[in-house]
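Student: Curious how this folds, go ahead:
(2 chains)
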Amino acid sequence: MWSESSLAMVKLLVVKDWQVYQKQLAGYLAGLVLALGLIGSGSEWTFNAGALLLLVLLVSTGFFAIGQIVLNERKERTLPFVMSLPVTPTEFYSAKLLAGVLVYLVPFLLVVLTTTFLVLYTALPDGLLVYALLIYVFMLTSHCVALSAAMAIESEGWNIVVQMALMTALSPFIIWIGSLQPIAANLLTDHIVWSPIALGVLAGELLVVAVALGWTQWHHARKTSFL
Amino acid sequence: MTAAITLAGVTKAYADFALSDIDLELPAGQVMGLVGVNGAGKSTLFRILTGLIRPDAGQVVVCGHSLPDEQVAAKRQIGYASDDMRLYKAKSLRWHMDLIRAAYPGWDEAYAGQLLQRFDLRPNQPLGGFSHGQRVKALLLLSLARHPRLLLLDEPTTGLDPLARDEVLQAIAEVLRDDDRSVLFSSHNTRDVEQISDSIAFLHRGRLVAVQDKESFLDHWRRILCRGEWRDDIAALPEVATVRRNGSVIELKVRSFSEALPAQLRQLGLIVNDVNRMDLEDIFITSIRPEGAQGVV
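Tutor: Residues are numbered from 1 along each chain as shown, chains lettered A, B, ... in the order given. You can find the predicted model right below:
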């Protein structure tokens, strides 16, 4: 159980990371709003352009956030300053993990909620919603795995390898779920169908998120010193 | 009064370097200067004292708190600034001050304002626009303004211009007006160490070579210039640390000078021309040389 002062320090560190990143996040959010606008604008080419822009921005937002919040602390040598604050290693790493997830949840939730609105209240087929949400959760999963890797691996080079691998996996994933019969059959209809397969994919994604974050928290909770 | 720092048998090993059997005590209210060459282990020692690194063996007690288990309680009492520490470039000094104020209840806003003026720092300027000297002063301000019981400063004057150096040393000296507060700082610049330290520790290749109060160092070491014929038993004298010879001129650096030593040297056939006190830099260099080192020019 954490004390009140521990929770206060974790909160302070999360707010600190948020404040360091918020200007760049605002830029990404503006781009995402533009992408969502294109998706909902009605024509096929703006839909495709908006979808592509959305995916690129969601990936970039996450990797940039990880770079700023985790990797840059080592590169910019701000780590000793933060670590000299009255925090334990567990509190420090917990705050990093929390900040890394929360910062991504802002654009993620914007995209999920706006997509849901667009699908339900515009001419876009409602069946698209399941397909879109599974893709978005895959990107959240990738972000959590990349975040866990960044907190475990100090090498910038290896982190880039992990991020490239996750980015490369996106396209095969989109093709794969688009080929699943229960999802493909309802894609262009006005039926939102959470088939067992779709629910299974969603559960698998959320399990990976839980394992990645859980392992990272457990690993760093065992540390008795920062370095 | 509880000692500010107590290290007993502290050891930390890396692949190419080891800090070995460090026994060190800094009484409360004192300033200790830690002198060592690059790679001697000064920064490693500071990181152990702030709980950033766990030693492989030994005990570390800072301000009465055992590290690393009680590091939060210890860090509340410590102000730590190091040469390799950086602040967030895109953020202002004011932002950093607000962060520290939120983390430490003892933050003194009025004193912080005085330090801003004295150090001539602009609080709303992003740190990325600060020079090296301004950055050092900013780090010092963030530590001093919360009145820590112990200041740990890892090379605070390195790379500073003479004015900035003087400002930093004065700010450190001001800390000492409070008898309860202590300072451990490291420096290549032995003049800085000599200027403000009560005691001095020499660290070399991960080992403490010498620890003494400043006056003892300066009182016990001498450089003696002699003339005469060389004899091996001159180097065998226990007081002699190093010898340099140039023809019949012999320079001895001795570590435990006594008034009887010149007479002893005369008995060995030498003419003692001069006996001079050594400065701290000379004492340090001599201390880390191999025992009984001899040089012939």
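Student: contacting residues around residue B:60?
Tutor: B:6, B:7, B:10, B:48, B:49, B:66, B:67, B:68 (C-beta atoms under 8 Å, 6 or more residues apart in numbering or on different chains). Where you see a C-beta, it was placed from the backbone N, CA and C, and this is true even at glycine.
Student: got those as TSV, with secondary structure columns?
Tutor: As requested, those are exported to TSV (DSSP: H, G, I helix; E, B strand; the rest coil):
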residue	secondary structure
B:6	strand
B:7	strand
B:10	strand
B:48	helix
B:49	helix
B:66	strand
B:67	strand
B:68	coil
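Student: where along chain A do the helices fall?
Tutor: A:4-39, A:44-66, A:72-75, A:79-83, A:89-121, A:128-152, A:156-179, A:181-186, A:196-221 (DSSP state H).
Student: Pretty sure residue A:167 sits against residue A:62.
Tutor: No - in this structure residue A:167 lies outside contact range of residue A:62 using C-beta atoms under 8 Å: 9.8 Å.
Student: Quickly note the distance from the residue nearest to the spatial centre of chain A to residue B:80.
Tutor: Nearest to the mean C-alpha position of chain A, by C-alpha atoms, centre = their mean, lies residue A:140 at 3.5 Å. Going from residue A:140 to residue B:80 by C-beta to C-beta, to the nearest Å gives 37 Å.
Student: Then residue B:260?
Tutor: For residue B:260, the distance to residue B:80 - C-beta to C-beta - is 46 Å.
Student: Looking at those two, which is more packed in?
Tutor: residue B:80 (26 against 9; other C-beta atoms under 10 Å in any protein chain shown).
Student: Provide the secondary structure category for that one.
Tutor: strand.
Student: OK, contacts around it?
Tutor: A:80, A:84, B:46, B:50, B:143, B:151, B:152, B:153, B:154.
Student: With residue A:197 instead?
Tutor: A:180, A:181, A:182, A:183.
Student: Tally up the residues packed near the nearest residue to the third one once chain neighbours are set aside, please.
Tutor: If I follow you right, that is residue A:182. Nearest residue to residue A:182 in three dimensions, chain neighbours excluded: residue A:195, at 3.5 Å (C-beta to C-beta, 6 or more residues apart in numbering or on different chains). By the criterion of other C-beta under 10 Å, residue A:195 has 15 neighbours.
Student: My guess is residue A:195 contacts residue A:183. True?
Tutor: Yes - here residue A:195 reaches residue A:183: they are 7.0 Å apart, a contact under C-beta under 8 Å.
Student: What is the burial count for residue A:172?
Tutor: Residues near residue A:172, counting by other C-beta under 10 Å: 9.
Student: next one: residue A:58
Tutor: Here the count is done by other C-beta under 10 Å, and residue A:58 has 25 residues near it.
Student: so it sits right up against residue A:110, yeah?
Tutor: No - using C-beta under 8 Å as the test, residue A:58 is too far from residue A:110 to be in contact (10.0 Å).
Student: what residues are shared contacts of those two?
Tutor: residue A:32.
Student: Downstream of the helix or strand hosting residue B:276, the next helix or strand is which one?
Tutor: Using DSSP states H and E, residue B:276 sits in strand B:271-277. Moving toward the C-terminus from strand B:271-277, the next helix or strand (DSSP H and E) is helix B:280-288.
Student: what angle sits between that next one and strand B:271-277?
Tutor: 110 degrees (axes from the mean of the first three to the mean of the last three C-alpha atoms, to 10 degrees).
Student: So for helix B:280-288, mean pLDDT?
Tutor: In this model, helix B:280-288 has an average pLDDT of 89.
Student: Other residues contacting that helix?
Tutor: Contacts of helix B:280-288 (C-beta under 8 Å, 6+ apart): B:35, B:37, B:190-191, B:193-194, B:200, B:202, B:204, B:209-210, B:214, B:217-218, B:221, B:223, B:241-242, B:253, B:255, B:278.
Student: now do 7 Å
Tutor: B:35, B:190, B:193-194, B:200, B:202, B:204, B:209-210, B:217, B:221, B:241-242, B:253 (C-beta atoms under 7 Å, 6 or more residues apart in numbering or on different chains).
Student: Skipping adjacent residues, who's closest to residue A:122 in space?
Tutor: Nearest non-adjacent residue to residue A:122, counting by C-beta to C-beta, 6+ apart: residue A:40, 5.4 Å away.
Student: Just the pLDDT for residue A:225.
Tutor: 66.
Student: Specify which residue of residue A:167 and residue A:62 has the higher count of neighbours.
Tutor: residue A:62 (26 against 18).
Student: circling back to that earlier point, against which helices or strands is the strand holding residue B:276 packed?
Tutor: Secondary-structure packing of strand B:271-277 (3 or more C-beta pairs under 7 Å, 6 or more residues apart in numbering or on different chains; DSSP states H and E): strand B:222-227, helix B:261-267.
Student: which stretch among these comes nearest chain A?
Tutor: For chain A, the closest of the helices and strands packed on strand B:271-277 is strand B:222-227, at 39.7 Å, according to C-beta to the nearest C-beta.
Student: Strands along the stretch 101-250 of chain B, start to end?
Tutor: Assigned by DSSP state E, counting those that start in this stretch, the strands in the stretch 101-250 of chain B fall at B:150-154, B:182-187, B:199-204, B:207-213, B:222-227, B:240-246, B:249-254.
Student: With distance to residue A:208 and mean neighbour count added, can I get the ones you listed in CSV?
Tutor: CSV is the format used below for the strands of the stretch 101-250 of chain B (distance: least, C-beta to C-beta, whole Å; neighbours: other C-beta atoms under 10 Å in any protein chain shown):
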stretch, distance to residue A:208, mean neighbour count
strand B:150-154, 42, 24
strand B:182-187, 47, 25
strand B:199-204, 48, 22
strand B:207-213, 49, 17
strand B:222-227, 70, 19
strand B:240-246, 65, 17
strand B:249-254, 67, 21
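Student: want to try TSV for these, with mean pLDDT as columns?
Tutor: As requested, these are exported to TSV (pLDDT from 0 to 100):
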stretch	mean pLDDT
strand B:150-154	94
strand B:182-187	92
strand B:199-204	93
strand B:207-213	92
strand B:222-227	94
strand B:240-246	91
strand B:249-254	93
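Student: between the ones you listed, which gets nearest to residue B:135?
Tutor: Residue B:135 lies closest, by C-beta to C-beta, to one member of those: strand B:150-154, at 13.8 Å.
Student: isn't residue A:84 right next to residue B:47, touching?
Tutor: No - using C-beta atoms under 7 Å, residue A:84 makes no contact with residue B:47, being 9.6 Å away.
Student: got any ranges where chain A has weak pLDDT?
Tutor: A:1, A:224-225, A:227 (pLDDT under 70).
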